[in-house]
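1. Pasting the sequence and the predicted coordinates here, then a few questions.
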Amino acid sequence: MQYCRLSLTTASSSILADWLKVDSAFSPSEVGKIGTQVVGDDRLTLQIKFMSFCREASMRPLCRIFKAGKGFPASPLNHRSHGSSLAKEGRGLHRDPNSEGGDTDEVLNVPASCPSLQILNLFYLFQMFSIILWFCEEYYSYAACIFIISTISIGLSLYVTKKQNRTLRDMAKVVSSVQICRPSGERVVVSSVDLVPGDVLVISPEGMLVPCDAALLNGECVVNESLLTGESTPVLKTPLPKGPEEANTTYSSEDHKRHTLFCGTQVIQARSCGEADILAVVTRTGFYTAKGDLISSILQPKPVKLRFHNDAWKFVTFLAILAVIGTIYSIIILRRNKVSRWLIALRALDIVTVVVPPALPAAMTMGTMYAQSRLKRQGIFCVSPQRIDLCGKVRLVCFDKTGTLTADGMDIWGVVPQAGSSFLPIVHELRRLDDGPLLRCLATCHTLSLLGDQPIGDPVDLRMLESTGWVRKKCASLFTLLVMAPPLLRQQLPGMPPVPVAVLRRFPFSSALRRMSVLGKAPGHSPVEAFMKGAPETVASLCKKESVPRDFPQQLHQFTSSGFHVLGLAYKPSVAVGSFEGAQEVTRDWVETDMVFLGLLVLKNVLKPETAPVIRVLRSAGIQTVMVTGDNMLTAVNVARSCHMVELSPHLAPEHRQGDPLCSLAPPRSFSVAATTPDHLSCSSFPEGQWHIQTTIFAQMLPDQKTRLVEHLQHLNYCVAMCGDGANDCGALKAADVGISLSEAEASAAAPFTSQKANIECVPITIREGRCSLVTSFGLFKYMAFYSLTQFVSVLLLYTLNTNLSDWQFLFIDLIITTTMVALMGKTEPAEDLGLKRPQGALISLAVLGSLCLQTALIIAVLVIVYFITISQQWFSPLNSTLSAPANLPNYENTVVFCTSGFQYLILAVVVSKGRPFRKPLYTNGDAGDLSFKVILLGMAALHFFTAFVLEVMKEPRSWGSRRLRCCPGQ
């Protein structure tokens, strides 16, 4: 939970007052009526609106439990003086052990008494009711077996639950000793579980595991955020921006993520300015942190809206109604047969346990469990198993480009310098560039850091720096962030002395701004220079018009249409910064204006070898593929052509205005559109939403636009999958029905599915498993319904004859036949090919209901016909109707119904267990290569046995009547 110190005039005013004014350092004052007061054990707890406050006798301030990290001004955070005041605000704060929630670690402790919670589960309560009922009916053996099985099931469930809780606890546990800074400057070591918002955390230069969400106040940190975003590339964190224009900025962990250290991430390296400590102010703890969101998403996943699940519960309701009808019928029949009232009550209640199978929920999850296990073996981890069935309904897949369809690291093709009003020829070897601002820009404009002697950071930055030959050296001065030195080869060239550049300030790349920049300074009295790198159009718009070549659009079009990734380069010759401290005070907007355009950096966009085959498979399966990228449109179009996402040149919609020629086009049958943002897709010539459906490429997309696009496609009733590396598409991955993050971590906050293989082969695998799981769940539900209806008809038929199945027969049907078939059906693997047809998702449909009705009618007809055939035989001897079961067992009526229904269970299992196009055939369930041959032999043997048995009965009918079946008691 989160706490904030609130001012309170007197110790007793909160108890006597009806209204309370709340003053907080993080938010404006609020006035609210006191809803509840709980006084006891020297403790006061107040509930005001949706806010909780608490105070103990030992503490004077009143503390509010609230969700921090968003909505309060950023200005109190980014000044050191306010850091002291925030630390002062943190004094006296405490954690409320009685509140709902608490810190992440406490909530995930393994429960000490889980059995009571498991037994109170509706499924186990129904089992307990059934066991008590069977004991009352003197079905001791059957009740004992079910009791033992239920006990084992509870034990296994407890073991699995406890193991999962331990795994989650280990995953959530971020308990460590951390150092915090007091207002007096004193450093105090405390436990991370005692941190509260406002504490000023001291970041270790050697790195540390971040125990909370914290806003960086000074210095720089290199952080591994793969747990949260799925991106394995380390991320550079810089201090919160300072300046007058930032005074009214509202802090948000999303908007200020480049300045926020998230809980659970690993600080690889930290560096401060001078000898000062690296400080960060705590903004959120517990479940309100980014890691807390991940744990919450695992504990309480987003509800899955699948029609099949809703229809299943409707059908269970129908079975319950059928059970009531059967109960009424059984009461009438048993009263006619003059059965005692006690036995009538027991038999009537027994109908409920027959019609509504208590094993239905477990059976329906069998296919999902097997699918999740198979996905895990292929390196695909799922934290929300409910979404596996949803994968089978995917109609459209959105792909990020860089790092997903194409490789992370791009090859440097060359740099195109500018000279006056035109471009010079491309230079393929960056080492051949003359010393000047262009080379210095390439060597310094990056976010790389040194881990030991090894540079780490963005793959593009690594390739760029490697191509220049410059190296990053360890800083000898305390007043520089890094020093870039030219290669040793240049030291040997006459007239070209080495000129190292010290970087004083870095403004990291922002997806919203589409650029990054640095402040650098050469030795001596050289002025401070600003270097910028980013999207060519963005960089050119921030440069002086006279410095941008006239043929800029033509050159950019030439490279992007050929599939190259292009970055614009610019610099400012002189920035009025007098010192290192002054560089920390300047604002980004002030630096990135009136730049001088330097040229274009051209990179080769290398397609991953797995991309084209996967796109071809998806398109052949009728699944629409869409590229969603922040890159240039022409580059995206070229990549889409290379991977066969589009076959022909698509219509481009870079801008949209009413009256444009594009809008006057009639909507053709086959149409492919490439657009810059979804906001442009509003052409009135197309029906509402058709632009989004027909568009294959969305370019120059910001992260929030990707999220809005996914949500809009969902509003058009598309089941949308999103696949990305988590860099700039976390929101879209979370919003999608099926989000697949390419990450080395087993679980990521970015998506319910995480693939450890860094390519899109996981997409068709996940869809195939989803289709298989959905069809399996569908088949298992139908089988359990047929199993219940078959047993229901059998029991009612025997009730009519004043007899019943024996407890051993019930046991054989429920455990030997049904359980075996459910396990066998659930284990069936998906088909090798991804077909064009998608599985049916509606259980309540004409086809399904027609199948259920016809199959049920066939079940009834077969049982009735077999019964009448049996009683028409000369050797038939009717049962003793003056006695009730089990006293009148065995008898011919019981035997013929039991044997016939037993074959019906087996036949129905084969009928509803469909194979292609979504699954392999049923006989493939097993590890042996010749399993199909063995199954055929077994089937032939069973058929031969049955035929021989029937022939023998027909030959000597009276001898059959003298036999007693060993499956019935009383022998």
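-> Received it, and whenever you're ready, just let me know what you need. Note that the coordinates shown come from a computational prediction; the quantities given were computed from them, not determined experimentally. Numbering: from 1, shown residues only.
2. could you pull out the helices for the stretch 351-500 of the chain?
-> Under the criterion DSSP state H, counting those that start in this stretch, the stretch 351-500 of the chain contains helices at 360-364, 366-377, 386-391, 437-444, 459-468.
3. now the strands for the stretch 151-300 of the chain?
-> For the stretch 151-300 of the chain, strands defined by DSSP state E, counting those that start in this stretch occupy the ranges 177-181, 187-191, 200-203, 208-209, 213-216, 220-224, 235-237, 250-252, 260-261, 266-271, 278-284.
4. picking up where we left off before, right, and the helices of the stretch 351-500 of the chain - which one's nearest Pro878?
-> helix 360-364 (36.2 Å; CB to CB). For the C-beta atoms, the positions are set from N, CA and C on the backbone; glycine is no exception.
5. Just give me how far the closest one sits from the chain centre.
-> Offset of helix 360-364 from its chain centre (CA atoms, centre = their mean, to the nearest Å): 24 Å.
6. Which residues does it contact?
-> 123, 312, 316, 357, 777, 780-781, 783-784, 822, 826 (CB atoms under 8 Å, 6 or more residues apart in numbering).
7. tell me which of the residues you listed is nearest to Lys837?
-> Ser777 (17.2 Å).
8. Poorly predicted segments of the stretch 51-200 of the chain, please.
-> Within the stretch 51-200 of the chain, the ranges that satisfy pLDDT under 70 run 51-123, 153, 157, 160-161, 164, 168, 171-172, 174.
9. quick one on the thing from earlier: of the helices of the stretch 351-500 of the chain, which is nearest Gly185?
-> helix 437-444 (34.7 Å).
10. Now that closest one - C-alpha only, CSV.
-> Taking Å, rounded to 0.1, in the frame of the first residue of the first chain, the C-alpha atoms of helix 437-444 are listed here in CSV:
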residue,chain,number,x,y,z
PRO,A,437,30.8,17.9,-36.6
LEU,A,438,29.3,15.0,-38.6
LEU,A,439,31.9,12.5,-37.3
ARG,A,440,31.6,13.9,-33.8
CYS,A,441,27.8,13.5,-34.0
LEU,A,442,28.1,9.9,-35.0
ALA,A,443,30.6,9.2,-32.3
THR,A,444,28.7,10.9,-29.4
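11. mind checking which of the helices of the stretch 351-500 of the chain is nearest Val596?
-> Relative to Val596, the nearest member of the helices of the stretch 351-500 of the chain by CB to CB is helix 437-444, separated by 7.6 Å.
12. Run through who's touching the closest one.
-> Counting contacts by CB under 8 Å, 6+ apart, the residues touching helix 437-444 from outside are 415, 417, 430, 433, 464-465, 467-468, 470, 484, 486, 499, 501, 503, 518, 520, 522, 529, 531-533, 569-571, 573, 596, 598-599, 601.
13. Spatially nearest residue to Leu922, not counting backbone neighbours?
-> Distances taken as CB to CB, 6 or more residues apart in numbering place Ser913 nearest to Leu922, at 4.8 Å, with adjacent residues excluded.
14. And that neighbour, its phi and psi?
-> Dihedral pair for Ser913: phi -90, psi 80, per degrees, to the nearest 10.
15. these two touch, right, it and Thr828?
-> Yes - between Ser913 and Thr828 there is a contact at 6.8 Å, judged by CB atoms under 8 Å.
16. Quick check: neighbours shared by the two?
-> Counting by CB under 8 Å, 6+ apart, the contacts common to Ser913 and Thr828 are Leu922.
17. before we move on, the earlier item: would TSV of the strands of the stretch 151-300 of the chain with mean neighbour count and distance to Val614 be doable?
-> Formatted as TSV, those follow (neighbours: other CB atoms under 10 Å; distance: least, CB to CB, whole Å):
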stretch	mean neighbour count	distance to Val614
strand 177-181	18	45
strand 187-191	11	48
strand 200-203	24	42
strand 208-209	18	36
strand 213-216	26	37
strand 220-224	22	28
strand 235-237	24	28
strand 250-252	17	36
strand 260-261	26	35
strand 266-271	19	32
strand 278-284	26	39
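18. Next, format those strands as JSON lines and append distance to Lys162.
-> Formatted as JSON lines, the strands of the stretch 151-300 of the chain follow (distance: least, CB to CB, whole Å):
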{"stretch": "strand 177-181", "distance to Lys162": "28"}
{"stretch": "strand 187-191", "distance to Lys162": "26"}
{"stretch": "strand 200-203", "distance to Lys162": "33"}
{"stretch": "strand 208-209", "distance to Lys162": "25"}
{"stretch": "strand 213-216", "distance to Lys162": "29"}
{"stretch": "strand 220-224", "distance to Lys162": "30"}
{"stretch": "strand 235-237", "distance to Lys162": "35"}
{"stretch": "strand 250-252", "distance to Lys162": "38"}
{"stretch": "strand 260-261", "distance to Lys162": "32"}
{"stretch": "strand 266-271", "distance to Lys162": "28"}
{"stretch": "strand 278-284", "distance to Lys162": "29"}
